[in-house]
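J.: Attaching a predicted model along with its sequence, questions to come.
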Amino acid sequence: MHFLQRVIYSFLLVLLLAQFSLAVNPVVRRFTSYQDFLKGEADGIAVSTDGKLMLGPGYTTVLETGEPFIYSAAVTGEGTVYLGTGNGGKVFRVSGTDKKQLAELDEPGVYALAIDSSNRLYAGTSPVGKVYRINPDGNAEVFFDPGEKFIWDLAFDQNDNLYVATGTKGIVYKVDPAGEEEEVFDSQETHIVTLELDPEGNILAGSAPGGMLHRIPADGGKAFTLLDSELEEVKAVAVDRYGTIYAAALSGESRQTAIAEATATIAANAAGNNHQEEKVDKVETKAAGQLKVYRIEKTGLVRTLYSSPSEIAFDISVRSDGSLLLATGNKGRLIALDTEGFKTLLFDSEEEQITRIFQSGAELFAATSNLGKLIRLEQSPSEQGEYLSVVIDARSTSNWGMISWNVDNTNGAEGISFHTRSGNTKKPGDTWSEWSEAYSDPDGNKITSPAGRYLQWKLVYEPEARGPSLLADNNSIDSVFVTYQQFNLPPRINSLTVHSGGIAFARNQTSPPAGGTFPGGPEKAHSRSLPRNIRNLETPQAVAAARKVYIPAARSISWKASDPNRDDLVYSVYISGTDSADWQLLEENLTESQFTLDGASFADGEYRIRIQASDLPSNPRETALNDEITSAAFRITNRAPEISWDSEPGSGTIRFTVATSATRLFRVEYSVDSRNWLVLFPEDGITDSREESYQLSLPAGAGFLQVRAVDDNGNIGTAGRRTN
């Protein structure tokens, strides 16, 4: 079955299976991109940049340290791995099947490890910055004490000179094998957080909070700044065999994460918790900040290879094929970047951070934090894998329709199955349904999970779906479709406004789009039958919002309504006198949310308006639902104010009375001999009733007087007389 036919089939089947209590329009939730799949959780599953789910590398947990953090790692040429941890200040050694705690230092955080040419291990600690040399039996002695607070990184050159990155003065020290020290670079920054050697033996030093990368010449010459990033910390640096430099820079809440953790460690020590707790809990970490990965050519040219507004990179490694590996948090993911910056989620760990990534021979290792583990990644696909989607929120109780998917580069699609579960809480838990039996037909399967607001799907790869090599896209999943249909919920009229008298709504006229008509034909006869995204094609030429105009005696009503199913709504308008229990239908099937009463069609008096909203356009008549709202009483007045003369012509003072039929008087003005109109106040000084008396003294020689009276509804009455 063709893929498009499969999607249409899913639509039709949902309609056939819909209960009468459901809203008409089904919803299709699509998962088709890298960003869509990145929101889920992968175990043995990789996500490629072009939006494919496939089996990722197999992996084995080599060591569980029992510590919250693994801050540092080093490996000898023979493959012995050393790990530095916090908050217990422990150093672990892994050599084949021999796995043991080698040493426990006085300081709580081992942020740096390095190995000299004689395979001797050195460890840098914080928040009391010391460098220890650790013998094979685990005996540790202070090798270098710079009097700094933090030792962030260590690196050996080919002559076994040890370079030490420190904070809070941002100095790089050089210590020769005999322990003689030399200050080789004062960055004027607060911290030097990472060190790396280039092929010429120059030292590359990343700093914070200025986010700079400096090159310190091997011959002791003047340092040069290679990169002044837009961010705040150059966290990790790697160099390929051609001398191309890659630098990962951070900012925001992720900056100096290790410093924040060290501060928390100091507080824990003060409370007497260090080296005493047997239970290891995850430590709360802050949300991620901004990340950029820069590529710096030997010519000095800098370009941004990769950026993310939310990820953290703790470490970076260059592979033999020129691709990069990023060890990230706070979801503990290993991301592969090719030479053009295209990314693949290679490995998604159960821990919150991958803090170190390194190779030993042909083996690739990842060290994690929260909790501290050492993981070995295989060079071949995992035997099996599981991907858990983000929770689908249908926004209200829904019946689930079909689940279908597309298998790319299939070799029979054996061993691939999907499962679903549903519930009514945002986070899946004990109150959710059990996972369904396997769905195995890519062309479409009726979802058997019970109705609810939330749904989650799971993809399972069995060994028979395994491809021939790592990241080969055999049997990869490049799209998943889930359909559902909400139970119908009633619309809601949220507010109703009766506007001041004399205000009427008039719509502006617009022309159809150039070269065609509005969706739904020239008269939009079937526009509401079209999908919403097609109807939205009208948006650039949308009918303008109603404008307000003045019409005497008019009364206008407007309202705001919504529908939880996003159904189309129509409105009916009813009117009733306050002294009557009967309601008269004025208009039905209105699509706009305003209406103007022609006041001239109603006797003066008090009335109420009732608005009824219906979702009938989107539902069968027997299941359509309504809501209604009734206004407060308001007055309709269509008779003009009446002016009565109380004095005879010829007198120097003119007296008259103005009266309205049903509403208060708003303003009275006069004009003598067709000159300017002037406002006149009543005898009591305030125009605030339905009848007011006026007195006007005219100048000598005045000939003709005109009086204009306006009521609250905009009705106007005029009268005139000679004054002599």
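T.: Cool, the structure landed.
J.: any weak-confidence spans in the stretch 601-724 of the chain?
T.: For the stretch 601-724 of the chain, applying pLDDT under 70 flags no range at all.
J.: switch to 80 and redo it
T.: Counting by pLDDT under 80, the stretch 601-724 of the chain has low-confidence residues at 649-652, 662, 700-701, 713, 724.
J.: for it, what spans make up the strands?
T.: Here the stretch 601-724 of the chain has its strands, by DSSP state E, counting those that start in this stretch, at 605-614, 626-630, 634-636, 642-645, 653-659, 665-672, 678-679, 691-697, 704-711, 716-722.
J.: Ok, the stretch 451-600 of the chain next?
T.: Using DSSP E, counting those that start in this stretch, strands in the stretch 451-600 of the chain cover 452-461, 476-486, 492-498, 503-506, 547-550, 555-562, 570-577, 584-590, 594-597.
J.: So in this structure, which strand runs the longest?
T.: Scanning the chain for the longest strand, with DSSP state E as the assignment, gives strand 392-408.
J.: Mind checking what helix or strand follows it in sequence?
T.: strand 416-423 (DSSP states H and E).
J.: Give the other helices and strands that that following strand contacts.
T.: For strand 416-423, the elements it packs on are strand 392-408, strand 452-461, judged by 3 or more CB pairs under 8 Å, 6 or more residues apart in numbering; DSSP states H and E. Bear in mind the C-beta positions are built from the backbone N, C-alpha and C, glycine included.
J.: by contact count, what packs against the shortest one?
T.: The reference is to strand 452-461. Here strand 452-461 touches strand 385-388, strand 392-408, strand 416-423, strand 476-486, going by 3+ CB pairs under 8 Å, 6+ apart.
J.: Tabulate those strands (JSON lines), appending mean pLDDT.
T.: Shown next, in JSON lines, are the helices and strands packed on strand 452-461 (pLDDT from 0 to 100):
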{"stretch": "strand 385-388", "mean pLDDT": "95"}
{"stretch": "strand 392-408", "mean pLDDT": "94"}
{"stretch": "strand 416-423", "mean pLDDT": "96"}
{"stretch": "strand 476-486", "mean pLDDT": "95"}
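J.: Just name the most buried of those.
T.: Stretch with highest mean neighbour count among the helices and strands packed on strand 452-461: strand 476-486 (a mean of 23; mean count of other CB atoms under 10 Å).
J.: tell me which residues in stretch 675-684 are buried?
T.: By neighbour count on 16 or more other CB atoms under 10 Å, the buried set for stretch 675-684 is 680, 682.
J.: Show me how far it is from its chain's centre.
T.: Distance of stretch 675-684 from its chain centroid, counting by CA atoms, centre = their mean, to the nearest Å, is 61 Å.
J.: Alpha carbons only: can I get that stretch in PDB?
T.: Taking Å, rounded to 0.1, in the frame of the first residue of the first chain, the C-alpha atoms of stretch 675-684 are listed here in PDB:
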ATOM      1  CA  ARG A 675     -23.400  80.800  13.800                       C
ATOM      2  CA  ASN A 676     -21.300  78.200  15.800                       C
ATOM      3  CA  TRP A 677     -23.100  75.700  17.900                       C
ATOM      4  CA  LEU A 678     -22.500  76.200  21.600                       C
ATOM      5  CA  VAL A 679     -23.200  73.900  24.600                       C
ATOM      6  CA  LEU A 680     -25.900  74.900  27.000                       C
ATOM      7  CA  PHE A 681     -26.200  73.500  30.600                       C
ATOM      8  CA  PRO A 682     -29.700  73.100  32.200                       C
ATOM      9  CA  GLU A 683     -30.900  75.300  35.000                       C
ATOM     10  CA  ASP A 684     -29.800  72.800  37.600                       C
END
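J.: Indicate which one of the helices and strands packed on strand 452-461 is closest to Asp321.
T.: Set against Asp321 and scored by CB to CB, the helices and strands packed on strand 452-461 come closest in strand 476-486, at 20.4 Å.
J.: which other helices and strands contact that closest one?
T.: helix 3-17, strand 27-31, strand 53-55, strand 392-408, strand 452-461.
J.: Those: which one's closest to Asn715?
T.: Of all the helices and strands packed on strand 476-486, strand 392-408 sits nearest to Asn715, with 48.2 Å by CB to CB.
J.: What separation is there between the most centrally placed residue in the chain and Thr328?
T.: Taking CA atoms, centre = their mean, the centroid of the chain lies closest to Ser310, which sits 10.3 Å from it. Going from Ser310 to Thr328 by CB to CB, to the nearest Å gives 10 Å.
J.: likewise Met54?
T.: 20 Å.
J.: residues contacting the residue of the chain most remote from its centre?
T.: What lies farthest from the middle of the chain is Gly650; by CA atoms, centre = their mean that is 80.4 Å. Contacts for Gly650 (CB atoms under 8 Å, 6 or more residues apart in numbering) come out as 723-724.
J.: where along this protein do the helices fall?
T.: Using DSSP state H, the helices of the chain run over residues 3-17, 34-38, 257-270, 532-535.
J.: buried sites along the second one?
T.: In other words, helix 34-38. For helix 34-38, by 16+ other CB under 10 Å, it's 34, 36-38.
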